[in-house]
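# prediction below, plus the sequence it came from.
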Amino acid sequence: MNDRGEVLLPLLPAHHAAGTAESQLNVSLRLYQAGDFEASIAPARRALVIKSDFPEAYNNIAASFASLRKWDEAIQSAREALRLKPDFQLARNNLVWAEGEKQKMLRGSNSSPSKAS
C-alpha cells in the first residue's frame, strides 16, 4: 500500500513474467487499469509472442492505443482481434469507438476557421 492508501500489485520484471500469454495479459490489464496506457502495450505484445492468436491481447493493445488517441493503431489492433474472434463484442466496441474518434478528429482538422471580412 502506498502513502495514498492505494493497494499496489507487484509487477515482475519482463524476464521473470514471461511464463504464459495469460500472465502477460494480466500485467497489461493491471497497467491499463492503473492508467499507464503506454506501458500496458508491451506486455500485451509479449503475450502475442507467446500466443500469436490471442484476440484478448490485441484488444488490450487496441484499448491502450485508443486511450493514447492513436486511432490508426487502435483500429488495426481491434480489427486483428475481430479477425481472430469475430463475435468479440469488446473488441467491436473498441473498434467503433476508435473509428468514431478518428472521424471526429478528421472532421475537426478539415474545418478551417472562418475569417471576418
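Structure received. Residues are numbered from 1 along each chain as shown.
# contacts for the strand or helix carrying residue 96 next, please.
Assigned by DSSP states H and E, residue 96 belongs to helix 89-110. Helix 89-110 is contacted by residues 55, 58-59, 62-63, 65-66, 69, 71-72, 74-75, 78-79, 81-82, 85 when judged by CB atoms under 8 Å, 6 or more residues apart in numbering. For glycine as for every other residue, the C-beta is placed from the backbone atoms N, C-alpha and C.
# let's see that with 7 Å instead.
For helix 89-110, contacts defined as CB atoms under 7 Å, 6 or more residues apart in numbering pick out 55, 59, 62-63, 66, 71, 74-75, 78-79, 81-82.
# now, of those, which are buried?
When the contacts of helix 89-110 are checked for burial by 16 or more other CB atoms under 10 Å, the buried set is 55, 59, 62-63, 66, 71, 74-75, 78-79, 81-82.
# just the residues you listed: which are in helices?
Members of these lying in helices (criterion: DSSP state H): 55, 59, 62-63, 66, 71, 74-75, 78-79, 81-82.
# tell me which residues of the worst-scoring helix or strand of the chain on mean pLDDT are tucked away?
Lowest by mean pLDDT, DSSP states H and E among the helices and strands of the chain is helix 89-110, with a mean of 93. Using 16+ other CB under 10 Å as the test for burial, helix 89-110 gives 90-92, 94-95, 97-99, 102.
# farthest pair in the residues you listed?
The span of the buried residues of helix 89-110, defined through CB to CB, is set by 90 and 102 at 18.6 Å.
# circling back to that earlier point, please identify which of the ones in helices among the buried ones among the contacts of helix 89-110 is nearest to residue 30.
Closest approach between those and residue 30, by CB to CB: residue 63, at 13.4 Å.
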